[in-house]
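Engineer: requesting a structural model of the entry that follows:
(3 chains)
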Amino acid sequence: MLTEYAFWFLSFLAVFSALTMVVTKNPVYSVLSLILTFFAIAGHYFLMNAQFLAAVHIIVYAGAIMVLFLYVIMMLNLNKFEDEKKSLFMNSLSVIAGCILGFVLLAVVKRTDELTIVAKASSAEVGLVENLGNALYKDYLLPFEMASVLFLAAMVGAVYLSKKEMV
Amino acid sequence: MEKLVSLIPLFPLVGFLYITFFGKGLSKNLIGGIGSGAIFLSFIVSIAVFTTQLHGGNPTTVKVLDWITAGTFDIDIAFIVDPLSTIYLLFITGVGFLIHVYSIGYMHDDEGFNRFIAYLNFFVFFMLILVLGDSYVTMFVGWEGVGLCSFMLIGFWYKDMKNNDAAKKAFIINRIGDLGLIIGMCIIFFQTGSLKYDELYISGSEASSLQGWHLHAAAIFLFIGAMGKSAQIPLHTWLPDAMAGPTPVSALIHAATMVTAGIYMVARSSDLFSASDIASDVVTYVGILTAILGATIALTQNDIKKVLAYSTVSQLGLMFVALGLGAYSIAVFHVITHAFFKALLFLGSGSVIHGMGGEQDIRRMGGLKKYMPTTHITFLIGTIAIAGIPPLAGFFSKDQIIAVAFENNILIFVLASLVSALTAFYMFRLYYLTFHGKFRGTHDQEHHLHESPKVMTIPLVVLAGLSIVGGFIGFPHAVGHSVHFPHWLDHFLEKTVVMPFMEADVATESILMIVATVIALVSTYFAYNMYKKNEELALEDDEIESSTHLTLVNKYYIDELYDKIIRKPVDQLSAFIGKFIEPNVVDGLVKQVSAIPQGIGAATKLVQNGKMVMYILAMIIGLIVLLITLI
Amino acid sequence: MMEILPNVTINHYLMLSVALFTIGAFGILFRRNAIIMFMCVELMLNAVNLTLVAFSKLWGGTDAQVFVFFIMVVAAAEVAVGLAILMMLYRNMHTTSTDVLDKLKW
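Structural biologist: Residues are numbered from 1 along each chain as shown, chains lettered A, B, ... in the order given. The predicted model follows:
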């Protein structure tokens, strides 16, 4: 019972703050509402017994990525209202396109009702660090190591791009 | 011994390459020595090869390289050794050598000396290829090569635009003839499958498979090629203009050797021509027309080289008359004697021009006898030889042409005799105006008058000697038979060319000889009377009143006629095409074609407008479409 | 039904995911500020992550969660490079508006 309420609450929070993020004009508010969305999603992870992912999610997204966004906005001094020149045509076009996309996606989801998939009895231990760690370091060792190389490359690229002498 | 034949063209080629690539720092005498030496070596080898044929050697071909092998079409670079080619070799290398030596003196002060000697060597190389080639294809290589060298040498003093125009004219008119030659070769090849002389004429007589109009067409088209090279009507106009080149060139190329290539080709194809009566008639009438035209124009020309040039045209016409009447060996005989005395006359005129400091107008000369004794004597010998006064070379060859004409066609006989008379007249006119009377040039020219150096006069003397004795290689048949002096050349050539059927007896032949001599002497007397005794001088251009005279001075207005009926319409057609067809049809079509992709591009580039939103929108639309297919 | 929580089926999670994804896509189309657009992309990635975790819950496997993990890795790397590019763009063009940044054309 409690989990059902939690689900609805978190879902509402996520959608609402996501909409705020898109609509608000101040970039700093956008960042803050996106952080709120991420927290709501992290709550969902908790509900689904993915505790490790929830923790990582908060650390990576809220703690690192969004701070990076904030930092860039601060550095670029973008925390004012930005005058976005938008045409009515493009606005209506984007609304229509968004609506159609949502509608089509819903239609796709709707078809899952017709499928008869029997859910397995899920164990509560799936999302624990031990199980995830086993999967990551045994079955997915190579992609894991590759990820570290990807990070190195991203770091080099970021540093190189940010150099002042670059034209 | 015959194997040596491949050395003959090699020497001039090596000479040409050496002078072109390594001749820069060398002295002029050394360059001249190399050039003449190369030809002299060829001459020595030619004598050796000639001797084998003289002692009854059979005609052979010496293969040097494979050239073209395509299916049944098989052409080698191979040289033919037979009486016709060896006798041509002899006088090409012999006269060529003398003219090379002469050039050392004549061109000594010219800045292009090296280039000149190199070109002359190159010319001799191609001329030898022309004569030695064992097939029409190989001959064609030499044929085009001598045309190229002729072009380069006519335009040798390229700084004067007039010379370049003359060179171009020679080249273009020769192209017309070459087209005829190519067509003739094609007809022969498609009908017989071969272009080699020995397959065509000697061993299998493949030429006999040419029948009917194929035969006539092949012969006539070959003759059109010969018309271009040997300056016959209507393709003769380039030869007088070719006198723009240095005088040794006029002597070697435009009198002694290259222009006789047409004669060589027809003589080589004598089986073909003797089988086609139509082609033979064409050859005869074109020849006699050319002979008369050349002789009449020569009467009024005042440029010493122009007179000789038209005389050459006229003599070539006579040679073709002989060819057309089937007397191939006599045509070759006249080629040889003509090479001697015409080279002599041209070199003599070069000596005169050299002494006069470049002046070529005989109205500005006169009385050169006492300033240039050697030149005078040798020029006189050449004049007597060409006029046909016995016993010099020209008499025998020309007399035999007239004799053949007498036996075949009385009209041709009359016209040929007329040409002979005219020849004697205009040559003595030239001689008297140049060497007798008072000097009519400027005082400055008179002061500088001098005999040419030894290097120039010695070739003159040698050629004069040849002009005197050269005629005895072809002593008349019947008379010769009665005095046991055989017609050596006929016996020598009978292996390769078709022999005329001569039935004249001693009496006829003797009478003809006497008639020819009298004609020559009478017109000589007229010339003597007009130009020596009365010193009746040639008129200045603007004093001419008689319309006949004017027509002759203007060379029958043939150049003007060509200008009107060929050049002008072509120019107008080109202008029309350039103005209307090119911009509207050709360009229009291209522009229409290019408009299609341009239009498509203009329409589609609107999609690529650089707005990120549009790209994302397109992506999302794509996503939507993809998902719709899933539903 | 395919419940993964009491009274919550997989469809509920998919709906939530669709909502978040659509908001993200709409945001990209609607906004011109490159940084906000970037954040919308992050939102869309998270919508996908959510479905993956929901399916993991449904099937009871760890693989889906490992995928989520890797998606986070890639997203972090992408943000690092992307923001560096934005910084440089701003330094040269003095704007992050995609209306101005329209040189990528013919």
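
Engineer: where's residue B:347 relative to residue B:566, distance?
Structural biologist: 35 Å (CB to CB, to the nearest Å). In short, each C-beta sits where N, CA and C put it, glycine included.

Engineer: these two - which one has more neighbours?
Structural biologist: residue B:347 (34 against 10; other CB atoms under 10 Å in any protein chain shown).

Engineer: in the helix or strand containing the more buried one, which residues are buried?
Structural biologist: Under the criterion of DSSP states H and E, residue B:347 resides in helix B:328-355. For helix B:328-355, a neighbour-count test (16 or more other CB atoms under 10 Å in any protein chain shown) marks B:328-355 as buried.

Engineer: host element of the closest residue to chain B within chain A?
Structural biologist: Chain A approaches chain B most closely through residue A:104 (4.7 Å), counting by CB to the nearest CB. With secondary structure defined by DSSP H and E, residue A:104 is part of helix A:88-111.

Engineer: can that helix be said to contact chain C?
Structural biologist: Yes. Contact of helix A:88-111 with chain C (CB under 8 Å from any CB of the partner chain) involves A:90, A:91, A:93, A:94, A:95, A:97, A:98, A:101, A:102, A:105, A:106, A:109.

Engineer: who's in contact with the residue positioned nearest the centre of chain A?
Structural biologist: Residue closest to the average C-alpha location in chain A (CA atoms, centre = their mean): residue A:38, at 6.1 Å. Residue A:38 is in contact with A:57, A:58, A:61, A:62, A:66, C:46, counting by CB atoms under 8 Å, 6 or more residues apart in numbering or on different chains.

Engineer: got the CA positions of the helix or strand containing it in CSV?
Structural biologist: In this assignment (DSSP H and E), residue A:38 forms part of helix A:27-47. Extracted in CSV, the C-alpha atoms of helix A:27-47 (Å, rounded to 0.1, in the frame of the first residue of the first chain):
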residue,chain,number,x,y,z
PRO,A,27,18.7,28.1,-16.6
VAL,A,28,19.6,27.8,-12.9
TYR,A,29,16.0,26.9,-12.0
SER,A,30,16.1,24.4,-14.9
VAL,A,31,19.1,22.7,-13.4
LEU,A,32,17.6,22.7,-9.9
SER,A,33,14.3,21.1,-11.2
LEU,A,34,16.2,18.5,-13.2
ILE,A,35,18.0,17.6,-10.0
LEU,A,36,14.6,17.2,-8.4
THR,A,37,13.6,14.9,-11.2
PHE,A,38,16.7,12.8,-10.8
PHE,A,39,16.0,12.4,-7.1
ALA,A,40,12.5,11.2,-7.9
ILE,A,41,14.0,8.7,-10.3
ALA,A,42,16.4,7.6,-7.7
GLY,A,43,13.4,7.0,-5.4
HIS,A,44,11.9,4.8,-8.1
TYR,A,45,15.1,2.8,-8.2
PHE,A,46,14.8,2.3,-4.4
LEU,A,47,11.2,1.1,-4.8
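
Engineer: which helices and strands sit right next to the very next helix or strand once past it?
Structural biologist: Next along the chain after helix A:27-47, taking DSSP H and E as the criterion, comes helix A:51-57. Using 3 or more CB pairs under 8 Å, 6 or more residues apart in numbering or on different chains; DSSP states H and E as the contact test, the elements touching helix A:51-57 are helix A:27-47, helix A:129-134, helix C:63-93.

Engineer: recalculate using a threshold of 10 Å.
Structural biologist: On a contact count with 3 or more CB pairs under 10 Å, 6 or more residues apart in numbering or on different chains; DSSP states H and E, helix A:51-57 meets helix A:27-47, helix A:129-134, helix C:34-59, helix C:63-93.

Engineer: so residue B:607, which of the three states?
Structural biologist: coil (DSSP: H, G, I helix; E, B strand; the rest coil).

Engineer: show me what from chain C comes close to chain B.
Structural biologist: C:25-26, C:28-32, C:34, C:37, C:97-99, C:101-106 (CB under 10 Å from any CB of the partner chain).

Engineer: 8 Å instead, please
Structural biologist: Proximity of chain C to chain B, by CB under 8 Å from any CB, involves residues C:25, C:28, C:29, C:32, C:98, C:99, C:101, C:102, C:103, C:104, C:105, C:106.

Engineer: show me the residues you listed that map onto helices.
Structural biologist: Secondary structure from DSSP state H places C:25, C:28, C:29 of the residues of chain C next to chain B in helices.

Engineer: and those, which is closest to residue B:556?
Structural biologist: Residue B:556 has its nearest neighbour among these in residue C:29, at 91.0 Å by CB to CB.

Engineer: what residues does chain B put near chain A?
Structural biologist: With CB under 8 Å from any CB as the criterion, chain B meets chain A at residues B:613, B:617, B:620, B:621, B:623, B:624, B:627, B:628, B:630, B:631.

Engineer: and the last one, what is it in contact with?
Structural biologist: Neighbour list for residue B:631: A:104, A:107, A:108, A:111 [criterion: CB under 8 Å, 6+ apart].

Engineer: any idea how far chain C is from the residue of the stretch 101-250 of chain B found nearest chain A?
Structural biologist: Using CB to the nearest CB, the closest approach of the stretch 101-250 of chain B to chain A is made by residue B:158 at 57.0 Å. Going from residue B:158 to chain C by CB to the nearest CB, to the nearest Å gives 53 Å.

Engineer: residue contacts, that residue?
Structural biologist: Counted by CB under 8 Å, 6+ apart, residue B:158 has contacts residue B:164.

Engineer: which stretches of chain B form strands?
Structural biologist: B:60-70, B:73-81 (DSSP state E).

Engineer: so for residue B:41, which of the ones you listed sits nearest?
Structural biologist: Among the strands of chain B, strand B:73-81 sits nearest to residue B:41 (CB to CB), with 16.4 Å.

Engineer: got the angle for that closest one vs strand B:60-70?
Structural biologist: Orientation check (axes from the mean of the first three to the mean of the last three CA atoms, to 10 degrees): strand B:73-81 against strand B:60-70 gives 160 degrees.

Engineer: residue B:102 reaches residue B:454, doesn't it?
Structural biologist: No. If you go by CB atoms under 8 Å, residue B:102 and residue B:454 don't touch, sitting 10.8 Å apart.

Engineer: quick one, which of the two is more surrounded?
Structural biologist: More crowded of residue B:102 and residue B:454, by other CB under 10 Å: residue B:102, with 29 against 11.
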